[in-house]
Structures are given as structure tokens and as C-alpha cells.
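Peer 1: one predicted model, sequence on top.
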Amino acid sequence: MHCGVNNTTEHFSLQAKSLKKSFVFGDSRLEVLRSVNLSLRKAESLSIQGDSGCGKSTLLNLLARLEQGDGGEIFWGNKMMEASQKQDAKQIAQRGTYLGVIYQAYYLIPELTVFQNVILPARLNGSLNQKKQERVIHLLQKMGVEKKANQIPPKLSGGERQRVAIARALINSPEVILADEPTGNLDEKTGGEVMDLLLQTCEEEKASLLLVTHNPKFAKATDRAAVLSDGELNLIV
Ligand SMILES: Nc1ncnc2c1ncn2[C@@H]1O[C@H](COP(=O)(O)OP(=O)(O)OP(=O)(O)O)[C@@H](O)[C@H]1O
Ligand SMILES: [Mg+2]
């Protein structure tokens, strides 16, 4: 089943067609993704829920081309990639511009200041300039953590760290944000605040958002909601 209307004349930021992924250990084979189809329009948000171990993180890793699949196709905009093909250098370079990724555990670099963490993706793709430096401050202001710009992450709270990680994911104005349980380490209230900021900022920045969450309330806050089970993704809203 397709998660979204698959009209070929429409522009999608992110698509997956018949994505497959198994893990083999010894004699056994665990089929995690049997045939996942997904279509995400520009600036649209979609939540994915599913039991622990059903393959949500695996799906996001495949979509980001951080992991190879066994079959199927992935589209970043109009660019088609075979999921089973190893990514080439061009794709690795493109990832930093096309996608922003947010994880439950933040993954900020503890030795760098907040400002340096947020600007790092711009440094890595060679787009560091005065405008990008101003954008760091703009995003930190949006996230309400501009006063922490010169602080290092170990001195921030969990909620503050995730706000910084969201700013970092957005620095290169990506088409798509992939968020894997971004509020998983936060209490309900802080998680709610971070989620509101994430949804609001993605909308303002016109970035599509794929949100993996275990929280039904957050799953309802996106434009559409889907559940991953038995290796397939099905829309519930
Ligand atoms: N590299 C790997 N080698 C073998 N098995 C793996 C590997 N990565 C994931 N798996 C297995 O694939 C299944 C899906 O894992 P995944 O991390 O995608 O689940 P998830 O839906 O994100 O779960 P959670 O909600 O707990 O984060 C699990 O059974 C996991 O043990
Ligand atoms: Mg996971």
C-alpha cells in the first residue's frame, strides 16, 4: 500500500518504493522491511509509530542512505537511488544538503560549542559564509537557546540539547528532516515544547518532516500518521 497519493505529476521530497531489508545472523533471517512504500510531499509532515523492533530506525537509516537495503528504490526529490546499491561520493555529499537528521540521543559533539555544533554541517559541505553564521543565530533564537551559543553541550539540559540538534539539522535548509524519537529522552512537558518547535520550524522552513515517535499525541500532531507493522507502512490518518 502506498503511504500517500502516488501521482507522478506531483512533486515529492521523499519517496520509497518496495523497500526491503533483512538481517541475517547464522541460519536465521529477520525480515524487517518487507515492502515499504512512502511518499512525502514538500513541507508535509508524517509520523511513524510502531512496536519496538519493528524497523522504524532501520527505515530512516535506509532513507538517509546510511544503510543499504536488499531491494526497492529511494527518491530524494527526482533523484532515484536503488536501495541495494552502495552510495557513491556524490550521494554522501548531497545528504548533508538534502536531509537533516535528528536522533533521540542528540549526538552533539561535546567538545564544540553550541554555535560550532550548529555550523558544522555548513563547514562540512563547504557552504560556510557570513550568511550561514547569521543563520546559526537565527535558528538558535527560534529554538530559544541563543544565550547558550558559547556553551558546550554537556552543560545543557536534554531539552536544550535537542533544540540545538534541531537547529543543526536545519542549518543547510534541507528539503527533508528525519527525526528518530526526538523526544524519547525528554519528559512529557519538555518533549511537548520541543515537538511544537520542531513542527513549527519545519513548517516555516518548508521542510518535510518524517517523525518516528512512540507518543500517540505527537503522532497526531503531524499532517498524516502511519504505522509500521509486519514490514509494511500503512496510513492511519
Ligand atoms: N545491524 C543489525 N544486525 C542485526 N539485526 C539488526 C541490526 N539493526 C537492527 N536489527 C534488528 O532489526 C529490528 C528492527 O530494528 P530497529 O532498530 O529498526 O527497530 P525500531 O523500530 O527502531 O525499534 P525502537 O522503537 O526500539 O527504536 C530489530 O529486531 C533489531 O534487533
Ligand atoms: Mg528505533
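Peer 2: On my side now, so go ahead. Numbers count the residues shown, from 1 in each chain. Ligands and ions are numbered 1, 2, ... in the order given.

Peer 1: out of everything not next to it in sequence, what's closest to Val194?
Peer 2: Distances taken as C-beta to C-beta, 6 or more residues apart in numbering place Gln162 nearest to Val194, at 5.1 Å, with adjacent residues excluded. For glycine as for every other residue, the C-beta is placed from the backbone atoms N, C-alpha and C.

Peer 1: can you list the residues that contact whatever helix or strand that neighbour lives in?
Peer 2: Gln162 belongs to helix 158-170 when assigned by DSSP states H and E. Contact with helix 158-170 is made by 100-103, 106-108, 114, 117-118, 120-121, 136, 139-140, 142-145, 148, 153, 156, 177, 179, 182-183, 185-186, 190-191, 193-194, 197-198, 201, 205, 207, as judged by C-beta atoms under 8 Å, 6 or more residues apart in numbering.

Peer 1: give the rounded mean pLDDT of the very next helix or strand once past it.
Peer 2: Heading C-terminal from helix 158-170, the first helix or strand you meet, by DSSP H and E, is strand 176-180. Mean per-residue pLDDT for strand 176-180: 98.

Peer 1: pull strand 176-180 out as PDB, backbone CA atoms only.
Peer 2: What follows is strand 176-180, C-alpha atoms only, in PDB (Å, rounded to 0.1, in the frame of the first residue of the first chain):
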ATOM      1  CA  VAL A 176      13.600  16.800   4.500                       C
ATOM      2  CA  ILE A 177      14.100  16.300   8.200                       C
ATOM      3  CA  LEU A 178      14.200  12.700   9.500                       C
ATOM      4  CA  ALA A 179      13.600  12.600  13.300                       C
ATOM      5  CA  ASP A 180      14.000   9.300  15.200                       C
END
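
Peer 1: the following helix or strand past that strand packs against which elements?
Peer 2: Per DSSP H and E, the first helix or strand lying C-terminal to strand 176-180 is helix 188-205. For helix 188-205, the packing partners by 3 or more C-beta pairs under 8 Å, 6 or more residues apart in numbering; DSSP states H and E come out as strand 45-49, helix 130-142, helix 158-170, strand 176-180, strand 208-212, helix 216-220.

Peer 1: could you dump these into a markdown table and include mean neighbour count and distance to ligand 1?
Peer 2: Output for the helices and strands packed on helix 188-205, formatted as a markdown table (neighbours: other C-beta atoms under 10 Å; distance: least, C-beta to the nearest ligand atom, whole Å):
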| stretch | mean neighbour count | distance to ligand 1 |
| --- | --- | --- |
| strand 45-49 | 23 | 9 |
| helix 130-142 | 15 | 27 |
| helix 158-170 | 25 | 16 |
| strand 176-180 | 24 | 7 |
| strand 208-212 | 25 | 7 |
| helix 216-220 | 16 | 13 |
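
Peer 1: next, format the ones you listed as CSV and append distance to Leu63.
Peer 2: Formatted as CSV, the helices and strands packed on helix 188-205 follow (distance: least, C-beta to C-beta, whole Å):
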stretch, distance to Leu63
strand 45-49, 11
helix 130-142, 23
helix 158-170, 14
strand 176-180, 6
strand 208-212, 7
helix 216-220, 18
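
Peer 1: which bits of this structure sit near ligand 1?
Peer 2: Phe23, Leu30, Val32, Gly50, Ser52, Gly53, Cys54, Gly55, Lys56, Ser57, Thr58 (C-beta under 6 Å from any ligand atom).

Peer 1: tell me the two of the residues you listed that are most distant?
Peer 2: Farthest-apart pair in the residues of the chain next to ligand 1 is Phe23 and Gly50; separation 16.5 Å (C-beta to C-beta).

Peer 1: and for this structure, the residue most distant from the center?
Peer 2: Asp27 (33.2 Å; C-alpha atoms, centre = their mean).

Peer 1: identify the residues contacting that residue.
Peer 2: Applying C-beta under 8 Å, 6+ apart, no residues contact Asp27.
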